[in-house]
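**Student:** no FASTA, just this:
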Ligand code: DQA
């Protein structure tokens with residue numbers, strides 16, 4: 001049976017392609033969604049792609065993922081640096097989790113250099129642009145394959 005994964009995107013990532021292109025590049029959110037769908041399809045993964053600007057909606061989808069998905073790839077965006085609620089929800093999910101950032105958060109402002117998620121996730125990717133999403137999908141497929 002195909003493994004099911006979800007890519008969860010936090011606030012302002014819906015404006016990719018428009019916001020701070022020097023940090024996040026020119027690929028739009030819709031284009032990113034298509035790129036991720038294509039790669040997941042190639043690797044035999046079923047993908048759901050989710051975005052919300054609202055912290056509680058992100059917590060809800062992480063909770064629901066326990067029953068629906070085998071792995072989570074998450075770019076929690078600004079909530080990475082602030083949200084104990086998202087950290088706690090992820091901590092309840094017992095399957096692989098990959099934390100993802102388009103930019104290198106450790107080369108940016110001091111407040112971005114702290115992630116509340118890094119020490120509870122399986123692994124992370126940062127600073128590789130939107131290619132990070134492709135790499136995260138590849139890594140997730142391997143993690144799930146090795147679980148079985
Ligand atoms: C981000 C980095 C965060 O600091 C920022 O708030 C974002 C995007 C990234 O993908 O590089 O919105 O998670």
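**Tutor:** Thanks, I have the structure now. Predicted model, so just to flag it, every value in this text is computed and none were measured.

**Student:** Just give the nearest non-adjacent residue to residue 108, would you?
**Tutor:** residue 23 (7.9 Å; CB to CB, 6 or more residues apart in numbering). C-betas here are computed from N, CA, C, even on glycine.

**Student:** in terms of contact, does that neighbour touch residue 103 like I think?
**Tutor:** Yes: between residue 23 and residue 103 there is a contact under CB atoms under 8 Å: 4.6 Å.

**Student:** and those two? which has more neighbours close in?
**Tutor:** residue 103 (18 against 12; other CB atoms under 10 Å).

**Student:** would you list every one of the strands in the protein?
**Tutor:** With DSSP state E as the criterion, the chain has strands at 4-9, 46-51, 71-75, 97-101, 123-126.

**Student:** With the ligand as the reference, name the closest of these.
**Tutor:** strand 97-101 (3.7 Å; CB to the nearest ligand atom).

**Student:** Quick one: residues in contact with that closest one.
**Tutor:** The contact list for strand 97-101 (CB atoms under 8 Å, 6 or more residues apart in numbering) reads 71-76, 80, 90, 115, 117-118, 120-127, 132-133, 136, 139-140, 143.

**Student:** From the residues you listed, list the buried ones, please.
**Tutor:** The neighbour-count test (16 or more other CB atoms under 10 Å) marks 71-76, 80, 90, 115, 117, 121, 124-126, 132-133, 136, 139-140, 143 as buried among the contacts of strand 97-101.

**Student:** will you turn the strands of the chain into JSON lines that also has mean pLDDT and distance to residue 62?
**Tutor:** Formatted as JSON lines, the strands of the chain follow (pLDDT from 0 to 100; distance: least, CB to CB, whole Å):
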{"stretch": "strand 4-9", "mean pLDDT": "98", "distance to residue 62": "7"}
{"stretch": "strand 46-51", "mean pLDDT": "98", "distance to residue 62": "10"}
{"stretch": "strand 71-75", "mean pLDDT": "98", "distance to residue 62": "7"}
{"stretch": "strand 97-101", "mean pLDDT": "98", "distance to residue 62": "9"}
{"stretch": "strand 123-126", "mean pLDDT": "98", "distance to residue 62": "16"}
